[in-house]
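A.B. asks: this is a predicted model, with the sequence first.
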Amino acid sequence: SRLLPIAQQGEIILQQAAHAVVDVHAPAIQTLIDDMLATLLAANGVGIAAPQVFVPLRIIIVASRPNPRYPDAPLMQPLAMLNPEICWQSTDTYSGWEGCLSVPDARAPVNRANRLQVRYLTREGERMEADYAGFVARIIQHECDHLDGILFPERVE
Ligand SMILES: O=C(O)C[C@@H](Cc1ccccc1)[C@H](O)SCc1ccccc1
Ligand SMILES: [Zn+2]
């Protein structure tokens, strides 16, 4: 895997909507997922979206782990979600600190839905639908915002 450059706030790619993946099995897609994972881990992130590595595709990786701000965050195997769609989210929201690999040195409290249901394709092309809550739901909302060109400072009230 390669470490990819991470787009910083101001790059137009971060403000654009990304395109759906058509062929999940394409070698270039599989390589991109591996490179996004390596880049995410090297940057100590808990999530990353393809536009952040200058690729306008609807691919995110969710990789929650306990961290100073969220010591009780679940430790999970990094999960690639292709063409993710949040198909339901709770009206109850909660505020939590967020950061962003594309907005360095910024931390702010953001209100996010506490629970959600997301439909996506796995990297093997399997259709999945799953429920998430808490910090993992927060990461998913943050990453799906990236796919629509939205950065977390735009969510700060
Ligand atoms: O830039 C990104 O998308 C990755 C963010 C993901 C994130 C979303 C919501 C809340 C926290 C993080 C990076 O992981 S920022 C680094 C980080 C890691 C753990 C906790 C907070 C911030
Ligand atoms: Zn981000």
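C.D. replies: Yep, that arrived. Ligands and ions are numbered 1, 2, ... in the order given.
A.B. asks: going forward, measure contacts and count neighbours with C-alpha atoms only.
C.D. replies: OK.
A.B. asks: so which residues of this structure form helices?
C.D. replies: For the chain, helices defined by DSSP state H occupy the ranges 27-42, 134-147.
A.B. asks: contact partners for the residue nearest to Glu143 when sequence neighbours are not counted?
C.D. replies: The spatial neighbour of Glu143 that comes closest, neighbours along the chain excluded (Cα to Cα, 6 or more residues apart in numbering), is Ala49 at 5.6 Å. Residues near Ala49 by Cα atoms under 8 Å, 6 or more residues apart in numbering: Met36, Arg58, Ile59, Ile60, Ile61, Glu143, Cys144, His146, Leu147.
A.B. asks: let's see 7 Å
C.D. replies: For Ala49, the contacting residues are Ile59, Ile60, Ile61, Glu143, His146, Leu147, by Cα atoms under 7 Å, 6 or more residues apart in numbering.
A.B. asks: between the residues you listed, which is nearest ligand 1?
C.D. replies: Using Cα to the nearest ligand atom, Glu143 comes nearest to ligand 1 of the contacts of Ala49, at 5.3 Å.
A.B. asks: test my guess that the closest one contacts Ala50.
C.D. replies: No - in terms of Cα atoms under 7 Å, Glu143 does not count as a neighbour of Ala50; the distance is 9.2 Å.
A.B. asks: give the contact list for Ala106.
C.D. replies: Per Cα under 7 Å, 6+ apart, neighbours of Ala106: Gly99.
A.B. asks: report the separation between it and ligand 1.
C.D. replies: For Ala106, the distance to ligand 1 equals 9 Å [Cα to the nearest ligand atom, to the nearest Å].
A.B. asks: with Ala130 as the reference, measure out to that residue.
C.D. replies: 30 Å (Cα to Cα, to the nearest Å).
A.B. asks: now Leu14
C.D. replies: In terms of Cα to Cα, Leu14 sits 26 Å off from Ala130.
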